[in-house]
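> Quick one, structure for this:
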Amino acid sequence: MNPVTALAVDLGSSSGRVIAGTFRDGRVEEVEVRRFAHEAMLRGGYLAWDLDFIWAEVVAGLRDAVARFPDAISVSVDTWGVDYVPLDAEGDRLTPGRAYRDERTARTHAAFRARLSDQAAWDATGIAPATINTANQLFAFLTEEPEVAARVDQILLLPDYFTYLLSGVRGWSRSHASSTGLCRPGADEFSDEVFDALGIPRRWVGEVTREHAVVGPCTVAGLEQLTAVTAGAHDTACAVHALQRDVDDESLFLSCGSWSVLGVLRDEPLMSREAYQLGLTNEARADDGLRPLFNITGLWILQECQREWRATGGVHDIVELVARARAAEPLGYLINPDEPQFAQPGGMVGRVTDALRAQGADVEGLDEGAVVRVVLESFAARYARGAADLAALTGRSAKQLNLVGGGSRNALLCQLTADAIGVPVIAGPVEASVLGSLLAQLEIMGRLDPRDRNAVIGASARTVRYEPRP
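Numbering: from 1, shown residues only. Just a heads-up that it's a prediction; the model follows:
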């Protein structure tokens with residue numbers, strides 16, 4: 001078979017990239033065509049993404065990719081979860097892209113819960129209640145901006161918005177829709193019960209769209225040779241598609257980026273009372289299965305510390321920080337990454353030291369390396385607790401942990417995690433969302449047999465094994 005190239009647009013909450021993946025000789029060779037940084041900023045009184053900037057970067061990257069790879073046949077977009085874009089009757093965006101960390105959902109949370117209790121939300125959706133959920137965001141939008149909301153024709157989830165710009169076709173991709181708190185358990189359809197309880201117009205969305213499917217031809221000038229497909233709209237769904245799966249699926253996955261997403265692969269949602277009490281959320285895979293998981297605040301905590309140290313002239317290079325953390329003595333105290341203060345921007349070093357001080361730790365003179373060590377040890381402990389909870393919920397103990405994403409480059413974090421959980425950690429691929437998207441695109445376009453996926457992953461991705469230490 002002749003070589004063929006697919007293009008992945010992988011958008012994270014701090015950076016975006018356009019990657020070309022050429023499939024030849026049984027492996028996928030990736031080339032980063034474009035990478036750009038971005039962040040949410042206050043716009044019009046709300047924390048928002050600069051969607052025009054992101055779109056311009058995506059188009060520029062895709063045009064560069066087509067010029068460099070004339071055999072490119074397809075493109076798919078994946079993003080982080082829960083964010084959305086409202087469109088008017090002409091199909092134009094009505095507001096800046098509101099960011100999930102904006103405080104509007106905290107202001108309206110009591111009113112939200114008066115309409116839909118946490119237990120009722122869980123029973124209706126199988127999604128852990130959280131102020132960042134799209135359901136909470138839309139309720140806040142209706143509450144605080146009713147005049148603007150009255151002009152909404154439909155809302156698109158963030159990756160579907162960019163796919164719409166590429167193709168002119170609207171959809172509501174299942175893997176992303178499953179994270180919204182608006183779908184019935186299993187994410188095959190939206191929940192009329194939730195829409196009615198919160199007063200969200202049901203006409204704002206269509207039907208949940210199956211993924212691993214062709215959307216249509218790209219209509220953007222210079223990109224007409226590409227076919228837009230849905231390889232996995234949610235970045236974690238893409239990452240899961242890049243896992244080498246054992247026969248029994250007795251392994252955990254951990255997608256470690258700004259968020260740490262720890263879960264298992266299943267065909268049915270886990271809907272027990274214990275699952276609700278533990279904060280489990282049932283999100284969808286792109287290949288029709290499910291990924292029951294815990295969403296844990298992740299490398300965002302370190303990223304915020306780095307930003308603070310950079311601004312004050314401290315050590316902020318991640319390689320140097322991890323080296324100092326490795327040399328630092330364990331403090332003997334941990335933070336809980338799930339606590340809400342660690343999900344908010346600004347003053348993160350102080351938030352960490354305040355949490356330690358409240359436990360009785362001596363934090364005077366605590367340097368950057370010591371802070372990073374505490375954070376990494378805290379992540380590992382939280383992963384171990386999550387692994388134990390998943391074992392209790394499923395009745396099956398994991399044989400290993402597949403750790404993918406940016407955190408897989410952090411050898412100290414990987415080793416601490418193996419030690420804490422007590423099973424081997426297979427670290428990599430780093431760009432798991434990208435590889436998963438590329439593999440799915442090749443399958444959709446008929447260039448890769450899904451039965452050969454494990455072998456292609458093994459040939460394409462670099463992994464490192466960490467054994468637990470006694």
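
> In this protein, which residue is most central in space?
Trp80 (4.1 Å; CA atoms, centre = their mean).

> If we ignore the residues flanking it in sequence, what's nearest that residue?
Excluding its sequence neighbours, the residue lying closest to Trp80 (CB to CB, 6 or more residues apart in numbering) is Ser13, at 4.9 Å. C-beta here means a position set from N, CA and C on the backbone, and glycine is covered the same way.

> my guess is Glu308 contacts Val352, does it?
No - Glu308 lies out of contact with Val352 (CB atoms under 8 Å); the separation is 10.3 Å.

> what about the two, which has more around it?
Val352 (24 against 17; other CB atoms under 10 Å).

> what's near enough to touch that one?
Contact analysis of Val352 by CB atoms under 8 Å, 6 or more residues apart in numbering lists Ile301, Cys305, Ile335, Phe342, Val371, Val374, Val375.

> can you list these in TSV and add neighbour count?
Formatted as TSV, the contacts of Val352 follow (neighbours: other CB atoms under 10 Å):
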residue	neighbour count
Ile301	25
Cys305	22
Ile335	26
Phe342	21
Val371	26
Val374	25
Val375	23
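
> Now do the SS call for Arg382.
With DSSP: H, G, I helix; E, B strand; the rest coil as the basis, Arg382 sits in helix.

> In which helix or strand does Met56 reside?
Check again: residue 56 is Ala, not Met. helix 51-68 (DSSP states H and E).

> Give me the packing partners of that helix, helices and strands only.
Judged by 3 or more CB pairs under 8 Å, 6 or more residues apart in numbering; DSSP states H and E, the packing partners of helix 51-68 are strand 4-11, strand 15-24, strand 27-37, strand 72-78, helix 158-167.

> what's the closest of the ones you listed to Phe195?
helix 158-167 (17.8 Å; CB to CB).

> contacts for the closest one?
Outside helix 158-167, the residues that touch it by CB under 8 Å, 6+ apart are 9, 11, 51, 54-55, 58, 75-80, 83-85, 91, 93, 97, 156, 169-173, 176, 209, 215-220, 223, 226, 228, 230, 233-234.

> Need the buried ones from those selected in PyMOL.
A single PyMOL command selects the buried members of the contacts of helix 158-167 (16 or more other CB atoms under 10 Å):
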select buried, resi 9+11+51+54+55+58+75+76+77+78+79+80+83+84+85+93+97+156+169+170+171+172+173+176+209+215+218+220+223+226+228+230+233+234
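
> quick one, domains of this structure?
Per automatic domain parsing, the domain ranges recorded for the chain read 4-230, 243-428.

> Lowest average confidence across those, which one?
Mean pLDDT is lowest for domain 243-428 among those, at a mean of 94.

> could the contacts of Val352 go into CSV alongside secondary structure and distance to Val18?
Conversion of those to CSV gives the following (DSSP: H, G, I helix; E, B strand; the rest coil; distance: CB to CB, whole Å):
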residue, secondary structure, distance to Val18
Ile301, helix, 28
Cys305, helix, 29
Ile335, coil, 36
Phe342, helix, 31
Val371, helix, 34
Val374, helix, 36
Val375, helix, 31
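
> how many other residues sit next to Pro292?
21.

> Ok, Ala120 next?
When neighbours are counted by other CB under 10 Å, Ala120 comes out with 15.

> Now name the helix or strand holding it.
helix 118-125.

> gap between that helix and the chain center?
22 Å (CA atoms, centre = their mean, to the nearest Å).

> Let me know the secondary structure of the closest residue to Leu156 other than its chain neighbours.
Leaving aside its sequence neighbours, Leu156 sits nearest to Val85 (CB to CB, 6+ apart; 5.2 Å). Put simply, Val85 is strand when judged by three-state DSSP.

> One more: Ala398?
Following three-state DSSP, we place Ala398 in the coil state.

> Surely it and Ala391 touch.
Yes - between Ala398 and Ala391 a contact is recorded at 6.8 Å, counting by CB under 8 Å.

> The two - which one has more neighbours?
Ala398 (21 against 14).

> Skipping adjacent residues, who's closest to the more buried one in space?
Distance criterion CB to CB, 6+ apart; nearest residue to Ala398, sequence neighbours excluded, is Leu252 at 4.5 Å.

> As TSV, the helices and strands packed on helix 51-68 with distance to Phe190 would be great.
Formatted as TSV, those follow (distance: least, CB to CB, whole Å):
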stretch	distance to Phe190
strand 4-11	24
strand 15-24	28
strand 27-37	33
strand 72-78	21
helix 158-167	14
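
> Can you check which of those gets nearest to Val148?
Nearest to Val148, of all the helices and strands packed on helix 51-68, is helix 158-167, at 16.8 Å by CB to CB.

> So what's the gap between stretch 45-56 and the chain middle?
On the basis of CA atoms, centre = their mean, stretch 45-56 sits 18 Å off its chain's mean C-alpha point.

> Endpoint to endpoint, it covers what distance?
24 Å (CA to CA, to the nearest Å).

> Please enumerate residues in contact with that stretch?
With contact meaning CB under 8 Å, 6+ apart, stretch 45-56 is reached by 11, 16, 36, 38, 40-43, 83, 85, 93, 95-99, 101-104, 161-162, 165.

> What are the boundaries of the strands in the stretch 351-470 of the chain?
400-404, 425-427, 464-466 (DSSP state E, counting those that start in this stretch).

> I'd like the ones you listed laid out as CSV, including mean neighbour count and distance to Arg324.
Listed next are the strands of the stretch 351-470 of the chain as CSV, based on neighbours: other CB atoms under 10 Å; distance: least, CB to CB, whole Å:
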stretch, mean neighbour count, distance to Arg324
strand 400-404, 25, 22
strand 425-427, 26, 21
strand 464-466, 15, 20
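
> Now render these as a markdown table, adding distance to Asp287.
Shown next, in a markdown table, are the strands of the stretch 351-470 of the chain (distance: least, CB to CB, whole Å):
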| stretch | distance to Asp287 |
| --- | --- |
| strand 400-404 | 16 |
| strand 425-427 | 20 |
| strand 464-466 | 26 |
